[in-house]
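>>> Turn this into a structure:
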Amino acid sequence: MIADLQCVVLDCTHPTELAEFYQALLGGDVNRRDRQWALDDDWATLHTPSGLVLAFQRVADHRPPLWPDPARPQQFHLDFGVADLDRAQGQVLALGATMLDDGSDGRGWRIYADPAGHPFCLVRHWAATTGAAPEPA
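You can find the predicted model right below:
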């Protein structure tokens, strides 16, 4: 095992509104404060009763999917928590992932594509840092 699933992130134009939609569907708390998530106008979270966290990320020119049109496919990415970004990076690259953004600015996450091209992030576990919460991807 390299990582654990931290959350599923959905792109959208109105993060809080979409979080509230899913709250009505699943229950839970929208934008509950915790050390793991930085909240702002471009990022919202939903902590569900089951423990799953959904996150919603503003994308300025978001184009919703048109099911089943492959020209406008489903849009989301996965965030995986890891204790050691460098070690996990070596492991996912060895499995066939491609580096999309190496996080060279020193932030606590890096962006990759799986072998089929779907983006995902490796995020340093907040517990593995000096207490600073990672920023959303």
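>>> Is R72 in contact with P65, as I believe?
Yes - using C-beta atoms under 8 Å, R72 is in contact with P65, at 5.2 Å. (Each C-beta comes from the backbone N, C-alpha and C, glycine too.)
>>> in the protein, which helix or strand is least confident?
Within the chain, confidence by mean pLDDT, DSSP states H and E is lowest for strand 76-82 among all helices and strands, at a mean of 89.
>>> what are the ranges of the strands in the protein?
In the chain, the strands defined using DSSP state E lie at 4-12, 29-30, 43-47, 53-58, 76-82, 98-101, 109-113, 119-124.
>>> would you turn these into TSV with distance to Y22?
Listed next are these as TSV, based on distance: least, C-beta to C-beta, whole Å:
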stretch	distance to Y22
strand 4-12	9
strand 29-30	9
strand 43-47	5
strand 53-58	6
strand 76-82	12
strand 98-101	26
strand 109-113	23
strand 119-124	20
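>>> Show me what D79 bridges to in the sheet.
C7, C121 (DSSP bridges).
>>> What's the local residue count around it?
22 (other C-beta atoms under 10 Å).
>>> can you pull the contacts of it?
Listed by C-beta atoms under 8 Å, 6 or more residues apart in numbering, the contact partners of D79 are 5-9, 55, 109, 120-121, 123, 136-137.
>>> Next: L39.
L39 makes contacts with 31, 33, 45, as judged by C-beta under 8 Å, 6+ apart.
>>> any low-confidence regions in this structure?
126-137 (pLDDT under 70).
>>> out of the contacts of L39, which one sits closest to Q91?
Proximity of those to Q91 (C-beta to C-beta) peaks at T45, which lies at 27.0 Å.
>>> since we're on that closest one, how many residues are nearby?
Neighbours of T45 under the rule other C-beta under 10 Å: 25.
>>> My guess is it contacts A19. True?
Yes - using C-beta under 8 Å, T45 makes contact with A19 at a distance of 6.7 Å.
>>> what sits in contact with each of the two?
What both T45 and A19 touch, as defined by C-beta under 8 Å, 6+ apart, is the set 30-31, 54, 56.
>>> Redo those as a markdown table? Include distance to D101.
Below are the shared contacts of T45 and A19 laid out as a markdown table (distance: C-beta to C-beta, whole Å):
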| residue | distance to D101 |
| --- | --- |
| V30 | 28 |
| N31 | 26 |
| L54 | 22 |
| F56 | 20 |
